[in-house]
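Colleague: below is the structure, and that's it, no one-letter string:
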């Protein structure tokens, strides 16, 4: 295999990781010892040790972020890393290389998906590389209404951009192995016709230039298996969404540069906005179904980390293109959406623990698996740490100290709390937590000198403060939920696979109280309890308790689009894409604001099944896309006839999802139903199918 | 009355189709009064309205809709197929007319995109071309699952752990029992602290 990436990167990576381990472990051990020393001697040694261990693990966790940001600052300040790959310009785009751009979707809002693809297609056209890329909408959608809408959206999109034979659509009926199975299905059917595939998410936007640079990089470095871009979060309007995308813009570049510095060619794959060399991927990255039942067995949920590890095991490097621009995604708009996503990720990351000892994996990828699990496990550690410190505080307030721990002692041993060390620890923890934010602020303001793109230096500073306050306020809420997710995963509760919400929508007070009411009541009870037992400890707990008590209000407030817009009008939490939007994002919004085409029958446009039966163009397209009529056995034919009769006699609402899907899969019965419905003379029945003309 | 051809607008999806048709504002529906027919009944009125709605749904230009509906009704009448419920017959004839127009249009112009789909009787005639547009030709290759076996000493370790874990698995997976154990642990810690 040719190796044209910086040759000595593997040795350098090892050295860098040793330094990283030293930087993280030494202060952690010191901090743990200090934590143990805060408590009085001779009292609850085992409790003290446990608390110091939890603190050590938490300190280790936050040290990762700190040292990664510092490394990122080092790289970005210098402007280069000679052991990292360099991205060529668009002009280096190779001729004769075919790349497939894949958009796997699952019950998504097809209007957004279609608009995103149109934007990407036009951007590719703009750089003059239309013939080098093919686009695939790989649908795993199992909602019959959405399936029909997707087909229609594909045809509309191809018509609009002239994309027939360049933009393809496939709906997969059995959704085996979810997203990884969807991509694998592409690799099996069409993978041999392309050298690379660029995998996108339903909300991804990438520019034609970024595609070209990624392909050129892969051509220049034939040993790269996966090249991951760092997508920037955009397009959110809720306060939480805007805060997240602001953090992603200000802190993200240094963090990703730091990650790239430590990992070099052992980087991660995040599942989207990445380019993959198809041949080795097909050969080495097929995912097995794990033995046993979910959550630890079954299909591998977080497939991306595993695929990167397998690619690396096969000898291909995986790199993070942290300096590639023109890669975008969208964050969850509300905290509830974010937590729903985290629930899936938590289970997926814990499942990786089973793969920790897989033969042949590189230690860097084992560390990635471990860190992924710690991402959520740290919440449970924090919860345990808080619980233990509370227990100790209660004991300190109520329990009777033992002044003579040793027999025959002449003098009593006073229980002394070393508060000074405690304060030192608190300050060092705060530094490790918040210094990266300050470093990032200074990097944007002083080095990059592009504070103007964030509304100016002062507004940038205020925005960083706001983001810090909001993330501090939400941290205990996240901690509580993540702890719950970890416990549920450990207890074997599996999760369902649902489409991610990507729309800006507010959360009602009822939903917020339902989600966060228990935490709020528990926090109130603990607060009242400590105000009676130990007021001094109440101050220690106050930030966490306040956050939990305010959680419903915070969640509702941060989910409001109006609040987010007011902050934007005030020039706060701005991102460069809002100040000077790139052409692709302007194009996307223009497409999304187009009015839908006219719809003469009076049914809801989102009723895909009804449209497939009634709407003549939709009906014709659906039947044509089903392919050749299949010979069915008599039993199935009879069942489907019965379904068609049921739909005709009672109306479309009489069919459930499975029945609708069965009927939609049968072109003969569907065409028959189309004729019968249009010939309905009973006005009531006709109205159920939307056959009442608007007057 | 000469009827305009409209095959290309049956499915207005080809690259050359006018976007103005697809994006035009919906016009208020005006029913056809079937002026050419002497025995206009309520049933005929419904048939005319339904046909016009069908044509409108197919994005047939408004100026063609009336002509096509009238043509269908004339043919039904000419065939002597005047029944109590003329709606199904009118629609059948309308579909027949649409097919004729579409076939004529296809014969003149090479089909582009999927505009030449005909509705609904000859629905399977163009399936292959649409399927090819939606999905390119398949050149199947295999993609096998990667081996994920454990290294020997790790396997031995995990097997040992498994031997210990298996008898207690059903207990661990019962949330109630685990929560009970957790509560007992907290109680134990609590008592330990207060007795200390």
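Modeller: That came in fine, so what should we check first? No experiment lies behind these values; they were computed from the predicted model shown. Numbers count the residues shown, from 1 in each chain, chains lettered A, B, ... in the order given.
Colleague: low-confidence stretches in chain A?
Modeller: Low-confidence segments of chain A (pLDDT under 70): A:1-7, A:41-44, A:399-417, A:494-504, A:600-601, A:693-695.
Colleague: nearest residue to the middle of it?
Modeller: residue A:341 (6.8 Å; CA atoms, centre = their mean).
Colleague: end to end on stretch A:169-183, go ahead and measure it.
Modeller: The distance separating the two terminal residues of stretch A:169-183, taken as CA to CA, to the nearest Å, comes to 13 Å.
Colleague: that one vs chain B: in contact?
Modeller: Yes: looking at stretch A:169-183 against chain B by CB under 8 Å from any CB of the partner chain, the contacts come from A:169, A:170. Any C-beta I mention is one placed from the backbone N, CA and C, and that applies to glycine too.
Colleague: repeat for stretch A:641-661
Modeller: No: applying CB under 8 Å from any CB, one finds that stretch A:641-661 is not in contact with chain B, the shortest distance being 13.3 Å.
Colleague: list of residues touching that stretch?
Modeller: Identification of contacts with stretch A:641-661 by CB atoms under 8 Å, 6 or more residues apart in numbering or on different chains yields A:142-145, A:147, A:607, A:609-610, A:613, A:662-663, A:669-670, A:672-673, A:676-677, A:685, A:688-689.
Colleague: so the closest residue to residue A:194 other than its chain neighbours bridges to which residues?
Modeller: Leaving aside its sequence neighbours, residue A:194 sits nearest to residue A:100 (CB to CB, 6 or more residues apart in numbering or on different chains; 4.4 Å). Judged by DSSP bridges, the bridge partners of residue A:100 are residue A:134, residue A:197.
Colleague: give the contact list for residue A:100.
Modeller: Residues touching residue A:100, when contacts are defined by CB under 8 Å, 6+ apart, comprise A:133-136, A:186, A:190-191, A:193-194, A:196-198, A:278.
Colleague: could you report the neighbour count for residue A:345?
Modeller: Residues contacting residue A:345 under the criterion other CB atoms under 10 Å in any protein chain shown number 16.
Colleague: the one helix or strand it maps to: which residues count as buried?
Modeller: Counting by DSSP states H and E, the secondary-structure element that holds residue A:345 is helix A:335-351. For helix A:335-351, the neighbour count (16 or more other CB atoms under 10 Å in any protein chain shown) marks A:335-340, A:342-351 as buried.
Colleague: ditto for stretch A:74-94
Modeller: Neighbour counts over stretch A:74-94 (16+ other CB under 10 Å) mark A:75, A:76, A:81, A:83, A:84, A:85, A:87, A:88, A:90, A:93 as buried.
Colleague: quick one: which of those residues is nearest to residue A:507?
Modeller: When the buried residues of stretch A:74-94 are compared for distance to residue A:507 (CB to CB), residue A:76 wins out at 36.8 Å.
Colleague: what's the neighbour count on residue A:567?
Modeller: When neighbours are counted by other CB under 10 Å, residue A:567 registers 18.
Colleague: what do you get for residue A:681?
Modeller: 16.
Colleague: just residue A:426 next, same as before
Modeller: A total of 12 residues lie near residue A:426 under the criterion other CB under 10 Å.
Colleague: ditto for residue A:673
Modeller: Applying other CB under 10 Å, we find 23 residues neighbouring residue A:673.
Colleague: please identify which helix or strand holds it.
Modeller: Counting by DSSP H and E, the element that carries residue A:673 is helix A:667-678.
Colleague: got the contact list for that helix?
Modeller: The set of residues external to helix A:667-678 that reach it, using CB under 8 Å, 6+ apart, is A:612-614, A:616, A:619, A:622-623, A:626, A:629, A:640-641, A:643-644, A:647-648, A:663-664, A:686, A:689, A:691, B:50, B:54, B:88, B:91, B:120, B:123-124.
Colleague: the same query, at a cut-off of 6 Å, please.
Modeller: A:613-614, A:619, A:623, A:626, A:629, A:640, A:644, A:648, A:689, B:91, B:120, B:123 (CB atoms under 6 Å, 6 or more residues apart in numbering or on different chains).
Colleague: what's downstream of it, the next helix or strand?
Modeller: Past helix A:667-678, heading to the C-terminal end, the next element that is a helix or strand (DSSP H and E) is helix A:683-688.
Colleague: what sits up against that next one?
Modeller: Contacts of helix A:683-688 with the rest of the structure, by CB under 6 Å, 6+ apart, involve A:651, A:680.
Colleague: returning to that earlier point: considering the contacts of helix A:667-678, which possesses the most neighbours?
Modeller: Most neighbours among these, by other CB under 10 Å: residue A:613, with 29 neighbours.
Colleague: quick check, it in a helix?
Modeller: Yes: judged by DSSP: H, G, I helix; E, B strand; the rest coil, residue A:613 forms part of a helix.
Colleague: if I pick it, what's in contact with it?
Modeller: A:673, A:674, A:677.
Colleague: how about a cut-off of 10 Å?
Modeller: Residue A:613 sits next to A:148, A:603, A:607, A:619, A:622, A:644, A:647-648, A:652, A:660, A:663-664, A:670-671, A:673-674, A:676-678, A:689-690 when contact means CB atoms under 10 Å, 6 or more residues apart in numbering or on different chains.
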